[in-house]
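> what follows is a predicted protein model with its sequence.
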Amino acid sequence: MNKITKQKIPTELGTEKVGKLLMQYAIPAIIAQTAASLYNMIDSIFIGQGVGPLAISGLATTFPFMNLSAAFGAMVGVGGATQLSVRLGQRDYESAKIILGNLVTLNIIVGITFGAISLMFLDEILYFFGASEATLPYARDFMEVILYGNAITHLYLGINASLRASGHPKESMYATIITVIMNIILAPLFIYLFDWGIRGAALATIISQTVTLLWQIRLLSNPDELLHLQSGIYKLRNKIVKGILSIGMSPFLMNAAACLVVIMINKGLRTYGADGDISIGSYGISNRISFIFVMVVMGLTQGMQPIVGYNYGAKQYKRVNEALKLTMIYATVVVTIGFAICEGIPELVARAFTTDSELIAGSARAMRIMSIFMPLIGFQMVTTNFFQSIGMVNKAIFLSLTRQMLFLLPMILILPHFFGEAGVWYSMPVSDFVASVLTIVILKRQFNEWKH
């Protein structure tokens with residue numbers, strides 16, 4: 001028996017029942033993504049209640065920054081994880097090992113480079129992202145700490161994606177839960193007891209990710225695993241890097257587009273809102289709430305990704321279709337629940353973040369408008385991830401950009417001229433609807449091509 005056969009290989013992806021597999025892989029990812037979104041939301045609650053409404057607005061202006069950083073992280077992490085799944089399905093284990101090493105190296109390079117460049121122009125970037133003289137100090141204090149730890153964040157997220165792709169969804173979930181629990185403990189300690197304000201919230205995040213990263217490295221150092229950290233896999237290989245970046249281009253563009261859109265929304269709210277800081281703060285709160293349900297759907301798609309990637313690589317197309325359909329059904333249920341909460345009890349939700357009556361009223365109005373077509377979002381997200389998982393990069397990129405760039409961005413620029421601040425708010429649900437219709441058309445055409 002050779003060395004490969006003694007090691008753990010996730011062949012269950014091609015043999016186990018698809019429904020059972022999806023739950024096995026998606027539930028840990030959902031728990032991890034929900035926990036991640038909850039600790040982001042809890043951070044906002046601690047900041048809003050412990051620092052004040054201007055701090056919430058300052059935090060909202062950092063969202064484009066976080067999206068842009070996530071774009072580079074996703075380009076490497078998602079691209080590498082997809083490559084891993086496909087290579088494992090093809091039983092190309094040597095390439096899978098090299099992909100893991102290259103993923104680690106790329107995350108370190110990208111994380112350090114992005115953090116260093118951003119720190120050099122931090123104030124200018126934050127003003128461009130919508131900060132005012134009143135909110136800039138809060139945004140700067142938060143982002144300085146986050147950017148100093150940017151390489152840690154990228155490496156932590158990249159390794160987590162690798163754990164999911166290589167048959168360890170539970171370990172990936174545990175990593176996120178450890179981070180969340182530590183952050184929930186440290187954030188109030190740093191904000192209230194040590195009086196470090198919004199900087200304390202950021203420091204709690206980086207410390208939590210550092211501890212979890214050390215645990216992940218220890219986990220991936222086990223030589224009994226097929227994929228583990230070892231010498232000779234970290235040198236960048238041109239072909240592998242191109243493969244990672246080409247597949248990762250779809251989530252990169254999606255996050256980069258989201259960054260640009262949030263910038264334009266913040267600028268629109270500052271220009272047309274009666275009180276720009278309150279409007280931006282309202283958007284920040286409502287965005288945090290919708291983000292929870294989006295992250296649950298992302299957990300579903302992350303659970304789907306290794307199943308689809310493996311079976312597509314193994315040419316088991318019936319299993320690919322079954323995984324896609326089940327994920328779409330579950331995603332639609334999730335976002336419909338989000339729709340009911342945002343439309344039914346938005347004031348109650350907003351009060352968790354702030355005691356400011358004006359900010360509560362603005363946040364409730366934002367939630368009701370932004371969630372009008374929320375039940376359609378899950379389908380669009382699953383379809384985009386599906387094309388990405390099977391290597392149809394161009395379709396994934398196109399669908400990634402439809403909502404933000406082709407529909408939402410023009411509406412943000414045009415509608416406020418006619419409807420003022422309301423035009424900014426209504427541009428979001430309208431673009432959700434149009435993008436979802438286009439997604440249905442493209443997916444139907446693709447399945448018709450496969451039938452022929």
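Yep, it's here.

> going forward, measure contacts and count neighbours with C-alpha atoms only.
Noted.

> show me what the helix or strand encompassing residue 206 is in contact with.
Using DSSP states H and E, residue 206 falls within helix 197-219. Here helix 197-219 makes contact (Cα atoms under 8 Å, 6 or more residues apart in numbering) with 43, 47, 50-51, 55, 138, 141-143, 145-146, 149, 152-153, 155-156, 159-160, 175-176, 178-180, 182-183, 186-188, 190-191, 229.

> mind redoing it with 6 Å?
141-142, 145-146, 156, 175, 179, 182-183, 186-187, 190-191 (Cα atoms under 6 Å, 6 or more residues apart in numbering).

> next one: stretch 360-368
Here stretch 360-368 has contacts from 282, 286, 342, 343, 346, 347, 350, using Cα under 6 Å, 6+ apart.

> next: stretch 41-52.
Outside of stretch 41-52, the residues within contact range by Cα under 6 Å, 6+ apart are 56, 353, 354.

> ok, the contacts of stretch 360-368 vs residue 424, which is closest?
residue 282 (12.6 Å; Cα to Cα).

> after the helix or strand hosting residue 285, next one along is what?
Element membership for residue 285 (DSSP H and E) is helix 276-313. Counting by DSSP H and E, the next helix or strand C-terminal to helix 276-313 is helix 317-344.

> so after that next one, what's the next helix or strand?
By DSSP H and E, the next helix or strand past helix 317-344 is helix 346-351.

> mean confidence for the helix or strand just after that next one?
Later in the chain than helix 346-351, the nearest helix or strand by DSSP H and E is helix 357-370. Helix 357-370 shows a mean pLDDT of 91.

> buried residues of helix 357-370, list them for me.
359, 360, 362, 363, 364, 365, 366, 367, 368, 369, 370 (16 or more other Cα atoms under 10 Å).

> can you check stretch 76-90 too?
Residues 76-90 are the ones in stretch 76-90 that count as buried (16+ other Cα under 10 Å).

> ok, now stretch 92-101?
By 16+ other Cα under 10 Å, the buried positions in stretch 92-101 come out as 93, 96, 97, 98, 99, 100, 101.

> mind putting those residues into a markdown table with distance to residue 128?
What follows is the buried residues of stretch 92-101, written out as a markdown table (distance: Cα to Cα, whole Å):
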| residue | distance to residue 128 |
| --- | --- |
| 93 | 46 |
| 96 | 41 |
| 97 | 41 |
| 98 | 40 |
| 99 | 37 |
| 100 | 36 |
| 101 | 36 |
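
> just those residues: which are in helices?
Counted as lying in helices by DSSP state H, out of the buried residues of stretch 92-101, are 93, 96, 97, 98, 99, 100, 101.

> buried subset of the contacts of helix 197-219?
By 16+ other Cα under 10 Å, the contacts of helix 197-219 give 141-142, 145-146, 156, 175, 179, 182-183, 186-187, 190-191 as buried.

> from those residues, which is closest to residue 262?
residue 142 (17.8 Å).

> tell me the contacts of that closest one?
Going by Cα under 6 Å, 6+ apart, the list of residues near residue 142 reads 198, 199, 202.

> most neighbours among these, please name it.
Neighbour count (other Cα atoms under 10 Å) singles out residue 198 as the most crowded of the contacts of residue 142, with 31 neighbours.

> related to what we said a few turns ago, turn the buried ones among the contacts of helix 197-219 into a markdown table, including secondary structure.
Shown next, in a markdown table, are the buried ones among the contacts of helix 197-219 (DSSP: H, G, I helix; E, B strand; the rest coil):
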| residue | secondary structure |
| --- | --- |
| 141 | helix |
| 142 | helix |
| 145 | helix |
| 146 | helix |
| 156 | helix |
| 175 | helix |
| 179 | helix |
| 182 | helix |
| 183 | helix |
| 186 | helix |
| 187 | helix |
| 190 | helix |
| 191 | helix |
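
> output those as CSV; include the columns distance to residue 392.
Below are the buried ones among the contacts of helix 197-219 laid out as CSV (distance: Cα to Cα, whole Å):
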residue, distance to residue 392
141, 41
142, 38
145, 37
146, 33
156, 27
175, 30
179, 33
182, 38
183, 37
186, 42
187, 41
190, 45
191, 46
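
> can you list the weak-confidence ranges in the protein?
1-12, 15, 36, 39-40, 452 (pLDDT under 70).

> measure residue 330 to residue 193 for me?
Between residue 330 and residue 193 the computed distance is 42 Å (Cα to Cα, to the nearest Å).

> tell me which of these two has more neighbours.
Ranked by neighbour count (other Cα under 10 Å), residue 330 and residue 193 place residue 330 first, with 15 against 10.
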